[in-house]
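Undergrad: The following block contains a protein sequence and its predicted model.
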Amino acid sequence: MGLTGVFGRKASSDTRPKPGVYAAVDVGAGKTVCFLARTEQTLAGLRPRVIGVGHVSTRGVRAGAIIDMEAAADSVRSAVENAERMANHTVSEVVLSAAAGAPTSARISVDMDLAASEVTDRDLHRILAEALHQHREPDRVMLHALPVSWRVDGHRGVKDPRGMFGNQLGVDLHVVSAAADPIQNLIACVERCQLTVSGVAATPYVSGLGVLTPDERELGALVVDMGAHVTSFAVFAEGALQHVDALPVGGAHVTSDIARGLTTPIQAAERIKALYGCALDSPDDDQVMIETPPVAGGDNATMGQQPRALLNAVIRPRLEEIFELMRDRLEAAGADRAAGRSLVLTGGASQLPGTGELAGRILGKQARVARPEALAGLGDAVSGPGFSACAGVIQRSVKGPVEAISGPPRFERASARRRPVEAVDRGPKAILRWFAESF
C-alpha cells in the first residue's frame with residue numbers, strides 16, 4: 001500500500017470513476033456477503049448498480065478473525081459464486097470489509113518549511129510522505145490514511161493549500177490501523193478462492209459511507225456497525241472520517257446470554273431473540289409467555305415457558321454494556337463532541353427492536369437504524385442493515401478512495417528491522433490521488 005494518485009486542478013481520466021464491475025466481500029462471524037456492481041451512466045455521472053449478491057452463513061470465523069482457514073474459505077467461495085451466478089459475470093479481484101484486528105485511530109501532525117513561497121504538489125507529496133514515515137505501530141498494518149486538515153503559516157481549516165503563499169505547511173493525518181495477523185489471515189483466506197485482494201477497508205468506515213447522508217457526514221455523526229461478535233464504530237464530521245474504534249462484543253453475545261438465562265439451546269435462543277426480543281420494557285411483558293426448548297432432551301422433551309419480561313431483562317444489560325463501553329471510549333478519545341447529536345446504527349444486530357432508543361439514551365444522541373438505501377439494484381432481502389458494509393465498499397470503490405494511500409495492505413513485522421513500508425520508496429508514480437478526486 002503506497003501513496004497514490006495524480007495531482008491536478010481537474011481530475012484526470014485516470015482518477016475519475018471508470019466503467020466496470022466492482023466486487024465487495026464482507027466476512028463476518030455471522031454471515032459472509034458478496035456484492036457485484038456494474039457502473040451505469042446517469043445524468044449525474046457514473047453510479048453503481050448491484051447486479052449480483054451472494055450471502056451465506058459463515059463458518060470458521062470468530063470475533064472477525066479466522067479460526068478455521070478452510071471452512072472460512074468455503075464460505076467466501078460460496079458467497080462469491082452465488083453472486084457471480086446471479087450477475088452472470090466472473091470476478092478475479094475484490095475489496096474486503098474488515099472489523100478484524102481491533103481497528104483503531106491515530107493522529108499525526110506534521111509541519112514543514114516550504115522550499116518556495118508557493119505551495120506546490122511536490123510540497124504536499126513531501127509532507128504526507130513524512131507523516132506516513134512517522135507512523136510507528138509494531139505488528140499493526142495501516143488500512144487508511146486520510147488528511148483531515150491543512151495549515152499554511154498556522155492558519156487552520158485549509159481545504160486545498162496548493163497555490164497558497166507562506167513559509168510553512170502543516171497537515172493533520174488520520175491513520176486507521178489494525179493488528180496485522182488477523183488481516184493477513186483474512187487476505188490469505190480470500191486468496192485461497194483464487195481471488196486477488198485489491199484493498200481492505202475498516203468496516204465502520206465503509207458502513208458510514210453506505211448509510212450516512214452527506215449532511216450527516218458534514219455536520220457530525222456517530223455510525224455504529226453492530227455485528228455478531230464485533231461492534232465497531234466511526235465518527236464522521238466536516239465531510240471526513242475522524243475516529244474509528246471497535247469492541248469485541250456483539251449480537252452473538254446477546255444470543256448466548258439468552259441461551260444461558262432461559263436455559264435453552266443457542267439455535268432456539270437466536271430464534272426467540274428475533275421473534276420476541278426487545279431492548280426496552282413493555283407493559284404486557286409479564287403476560288406474554290414464550291416457549292423455550294430445553295437444552296437436553298429428545299423430540300418428546302417438555303417445552304418450558306418463560307415470560308417475555310425475563311427475556312428482555314437478559315437482553316438489556318448486554319446492550320447497555322456495549323453502549324456504555326462505547327461512550328467511555330469516545331470520551332477518552334475526545335471524539336464524542338465531533339460526532340454531534342446524530343447516531344446511526346447499522347449491522348445485523350442493530351435490528352433488534354428498541355436498540356436505537358436504548359443507544360440514544362445512553363449516548364445522548366438522536367438515533368436511527370439505517371440501511372444502504374443509496375445503492376441501486378438491491379432487493380428487499382439484501383437491503384437491510386446487515387449489508388451496509390458491502391454497499392459502502394462498492395460506493396468507495398466506484399468513487400475512488402479519498403485517501404493518501406490505497407491498494408492492499410503491506411505487512412511489516414517489528415522484528416524485521418526494515419524501513420516502514422509506508423515511507424517514500426514507491427517511485428515517481430506514488431503521488432497523491434486523493435487530491436485529484438476531491439477537488
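TA: Thanks, I have it. Residues are numbered from 1 along each chain as shown.
Undergrad: contacts, neighbours, all on C-alpha from now
TA: Noted.
Undergrad: where along the chain do the helices fall?
TA: Here the chain has its helices, by DSSP state H, at 69-87, 121-133, 180-191, 203-211, 214-219, 251-262, 266-276, 308-333, 355-363, 388-399, 433-438.
Undergrad: Now P214. Nearest residue, chain neighbours left out?
TA: The shortest distance from P214 to any non-neighbouring residue, by CA to CA, 6 or more residues apart in numbering, is to G239 (7.4 Å).
Undergrad: residues contacting P48?
TA: Applying CA atoms under 8 Å, 6 or more residues apart in numbering to P48 gives the contacts A37, R38, T39, E40, L375, A376, I394, Q395, V398.
Undergrad: Just among the residues you listed, which is most surrounded?
TA: For those, the largest number of neighbours (other CA atoms under 10 Å) sits with I394, at 29 neighbours.
Undergrad: chain center to stretch 159-167, what's the gap?
TA: Averaging C-alpha positions (CA atoms, centre = their mean, to the nearest Å) puts stretch 159-167 32 Å from its chain's average.
Undergrad: coming back round to it: kindly compare burial across the helices of the chain and name the winner.
TA: Highest mean neighbour count of the helices of the chain: helix 203-211, a mean of 29 (counted as mean count of other CA atoms under 10 Å).
Undergrad: what does that helix rub up against?
TA: With CA under 8 Å, 6+ apart as the test, helix 203-211 has contacts from 97-99, 223-225, 232-234, 236, 241, 244, 346, 370-375, 388-393, 395-396.
Undergrad: among those, which are in strands?
TA: With strands taken from DSSP state E, the overlap with these comprises S97, A98, V223, V224, D225, S232, F233, A234, F236, L241, V244, T346.
Undergrad: give me the number of residues near the fourth one?
TA: Same thing as V224. Using other CA under 10 Å, V224 has 30 neighbouring residues.
Undergrad: Can you tell me the closest non-neighbouring residue to it?
TA: Nearest non-adjacent residue to V224 (CA to CA, 6+ apart): F233, at 4.3 Å.
Undergrad: Which pLDDT value belongs to the one you found?
TA: The score at F233 is 97. That number is its pLDDT.
Undergrad: and it, what does it touch?
TA: F233 touches P204, Y205, L222, V223, V224, D225, V244, D245, A246, counting by CA under 8 Å, 6+ apart.
Undergrad: quick one, domains of this structure?
TA: By the record's domain assignment, the chain is partitioned as 102-176+417-438, 213-369 (automatic domain parsing).
Undergrad: Output the below-cut-off pLDDT ranges for the stretch 151-300 of the chain.
TA: Filtered on pLDDT under 70, the stretch 151-300 of the chain yields the residue ranges 297-300.
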